[in-house]
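*Asks:* Task: produce atomic coordinates for the following.
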Amino acid sequence: MTTFETFLEGQKANGLSGELIAVLAEIAQATRKISDTLKTSALDGLTGATEETNVQGETQKPLDILSNDILLDACRKVPSVSFAVSEELDAEVAIHAGGKYAVIFDPLDGSSNLDVNVTVGTIFSVIEAKTAQDILKTGRHQLIAGYAAYGPQTTLVLTTGKGVQIFTLNGDGIYVLTTADAKIVPEAKEFAINAARRASWDDVVAAYIEDAIDSGHNMRWVGSMVADTHRIFNRGGVFLYPADRNKPASGGRLRLLYEANPIGLLVEAAGGEAIIGDSKILDIEPTGLHQRVPVIFGSKAEVDKLAAAYGARVLEAAAE
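*Replies:* This next block holds a predicted model:
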């Protein structure tokens, strides 16, 4: 049996610094605490919504706030953490003046599903950042990325840049390696998209979905990015949250730093692809902590079809 702690020892032998290992260990411990909290949240009166909204304009759940506090406390325990960046906070939080790593996270992704007992999760990444200005880097600079999925099982999925490992939390509160070097199958007849937004899709996405349905693909949509991502890691397919024609700027709805980038790094490390139109997610230069982007990721063959269609559209526009 390979535990998470055994895995970390191996990472040290493979060159991962002791400081980064300490950061990762505390993040994992925070996900254990969040998992335990979720199990009894209805009994503890932690369901429903508060009267507060976050910087995104979203109504906060008590568990959003509590999960955010758990992760902030984890960051404070590690001297090498310089800043924490969260979906729930307006700006970066200075942690240790002498730190050099920023921890970026969505503390409880999919929290609108909490009251109906659907899988939710924590998404996180770690980058080198000694100053606040250092935080705005492309996803290629991520040193660690991962997510915890809290469902029938609690799973921790992570990459330190070389492969993806999946751990499952056992009854004793120990993460045990259940999938080593996880891979996303290159082809799968399954897609996840919110069909209620059909009128806002661009022509590329609309054509892809129409063709997929005609080809016998199945549609899946949980409404929790972590849940949909975890399904793709287990059986392939493609996730689409495309640009919205009715929104300004990029038209995207998911956040680049603490949703798209961490998932993008995981997906690429597992052999999949993650794009925004004709560009890769990990190559986007961020302009703000809460920047939103359209997101498409999953099995390589499926995402490549969409990337090629977007590329052809760019060429057609240039020729006009």
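
*Asks:* check which helix or strand covers V103.
*Replies:* strand 101-109 (DSSP states H and E).

*Asks:* Quick one: list the elements packing against that strand.
*Replies:* Counting contacts by 3 or more C-beta pairs under 8 Å, 6 or more residues apart in numbering; DSSP states H and E, strand 101-109 is packed against helix 18-39, helix 62-76, strand 81-86, strand 120-128. All C-beta spots, glycine's among them, are computed from the backbone N, C-alpha and C.

*Asks:* will you turn the ones you listed into TSV that also has distance to Y310?
*Replies:* Below are the helices and strands packed on strand 101-109 laid out as TSV (distance: least, C-beta to C-beta, whole Å):
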stretch	distance to Y310
helix 18-39	34
helix 62-76	34
strand 81-86	29
strand 120-128	25
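
*Asks:* For these, give me JSON lines that also has distance to A97, mean pLDDT and mean neighbour count.
*Replies:* Below are the helices and strands packed on strand 101-109 laid out as JSON lines (distance: least, C-beta to C-beta, whole Å; pLDDT from 0 to 100; neighbours: other C-beta atoms under 10 Å):
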{"stretch": "helix 18-39", "distance to A97": "15", "mean pLDDT": "97", "mean neighbour count": "19"}
{"stretch": "helix 62-76", "distance to A97": "13", "mean pLDDT": "96", "mean neighbour count": "21"}
{"stretch": "strand 81-86", "distance to A97": "8", "mean pLDDT": "98", "mean neighbour count": "24"}
{"stretch": "strand 120-128", "distance to A97": "16", "mean pLDDT": "98", "mean neighbour count": "26"}
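
*Asks:* do you know which of the ones you listed lies nearest Q291?
*Replies:* strand 81-86 (11.7 Å; C-beta to C-beta).

*Asks:* same for that closest one, what does it pack against?
*Replies:* Applying 3+ C-beta pairs under 8 Å, 6+ apart, we find strand 81-86 packed against helix 62-76, strand 93-94, strand 101-109.

*Asks:* what pairs with it, and is each one parallel or antiparallel?
*Replies:* Next to strand 81-86 in the sheet, as set by DSSP bridges, lie strand 93-94 (antiparallel), strand 101-109 (parallel).

*Asks:* coming back round to it: which of the helices and strands packed on strand 81-86 sits closest to K33?
*Replies:* helix 62-76 (5.1 Å).

*Asks:* what's the spacing between that closest one and its chain's center?
*Replies:* Centroid separation for helix 62-76 versus its chain: 17 Å, with C-alpha atoms, centre = their mean, to the nearest Å.

*Asks:* Please report how far T179 lies from F239.
*Replies:* Going from T179 to F239 by C-beta to C-beta, to the nearest Å gives 19 Å.

*Asks:* now the strand holding V103 and helix 18-39, what's the angle there?
*Replies:* For strand 101-109 against helix 18-39, the angle by axes from the mean of the first three to the mean of the last three C-alpha atoms, to 10 degrees is 10 degrees.

*Asks:* Off-centre distance for strand 101-109?
*Replies:* 9 Å.

*Asks:* all helices of the chain, in order?
*Replies:* Remark: helices assigned in the chain by DSSP state H are 4-13, 18-39, 62-76, 203-214, 225-235, 261-269, 300-319.

*Asks:* Looking at these, which is nearest to D134?
*Replies:* Among the helices of the chain, the nearest to D134 by C-beta to C-beta is helix 261-269 (14.7 Å).

*Asks:* what's that closest one in contact with?
*Replies:* 104, 123-125, 139, 142, 145-147, 157-159, 161-164, 184, 225, 229, 232-233, 273-274, 280-282, 295, 297-298 (C-beta atoms under 8 Å, 6 or more residues apart in numbering).

*Asks:* burial count for A94?
*Replies:* A94 is flanked by 12 other residues according to other C-beta atoms under 10 Å.

*Asks:* try the one 10 residues further on
*Replies:* The number of residues packed near I104 is 26, by other C-beta under 10 Å.

*Asks:* which residues does it form a beta bridge with?
*Replies:* As for beta bridges, I104 partners with V85, S125 under DSSP bridges.

*Asks:* That one contacts E259, correct?
*Replies:* No. Using C-beta atoms under 8 Å, I104 makes no contact with E259, being 9.8 Å away.

*Asks:* For the strands paired with strand 81-86, state which one has the densest average packing.
*Replies:* Mean neighbours per residue, mean count of other C-beta atoms under 10 Å, is largest over these for strand 101-109, with a mean of 28.
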